[in-house]
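Undergrad: 3D, please:
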Amino acid sequence: MEDCKAQLSCYDLEDKVEFVHGNPCEIVIQFKSIDFAVIDCKFEDHLKLFKTIDVNPRGSIVLVSNLVRRRNGVSFGEVVRRKKGVEYVTLHIGQGMVLTRIGFTCNGHETRRYKRFHVTFES
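TA: Okay, here's the model as predicted:
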């Protein structure tokens with residue numbers, strides 16, 4: 001953790017990142033309209049986290065790592081496609097990693113800057 005904070009300090013980003021400890025499913029409900037999230041599927045309740053996270057429908061990116069296809073190997077894109085009015089594109093990056101872009105127009109007309117990030121990682 002201290003290494004991460006030192007790295008952020010080198011780039012004057014220490015006031016842009018907040019480290020939060022606890023159960024991700026409980027913590028994520030405190031954040032609304034998340035623009036960027038990284039979810040590590042080593043976390044046992046990652047499917048619950050997929051359903052709980054409040055992403056910004058106008059534009060957000062969710063990176064899912066350690067996603068191994070098995071009975072419950074569902075990607076975030078497969079969960080979010082059930083939400084009404086949400087447009088998404090999913091890219092498979094290597095083995096076990098999926099990037100889902102939500103809310104952007106397919107022809108690229110809408111762009112925006114990101115302001116809120118949430119990263120879930122279990123070591």
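
Undergrad: run through the bridge partners of the most centrally placed residue in the chain.
TA: With distances taken as Cα atoms, centre = their mean, the chain has residue 37 as the residue nearest its mean C-alpha position (2.2 Å). Residue 37 forms beta bridges with residue 62, residue 118, as assigned by DSSP bridges.

Undergrad: could you point out the longest helix in this protein?
TA: Ranked by residue count and defined by DSSP state H, the top helix of the chain is helix 2-10.

Undergrad: which other helices and strands does that helix contact?
TA: The contact analysis (3 or more Cβ pairs under 8 Å, 6 or more residues apart in numbering; DSSP states H and E) places helix 2-10 against no helix or strand. Placement of C-beta: from N, CA and C, glycine included.

Undergrad: and the helix or strand that comes right after it, how far out from the chain middle?
TA: Reading on from helix 2-10 to the C-terminus, the next helix or strand found by DSSP states H and E is helix 24-27. Mean-position distance between helix 24-27 and its chain equals 13 Å (Cα atoms, centre = their mean, to the nearest Å).
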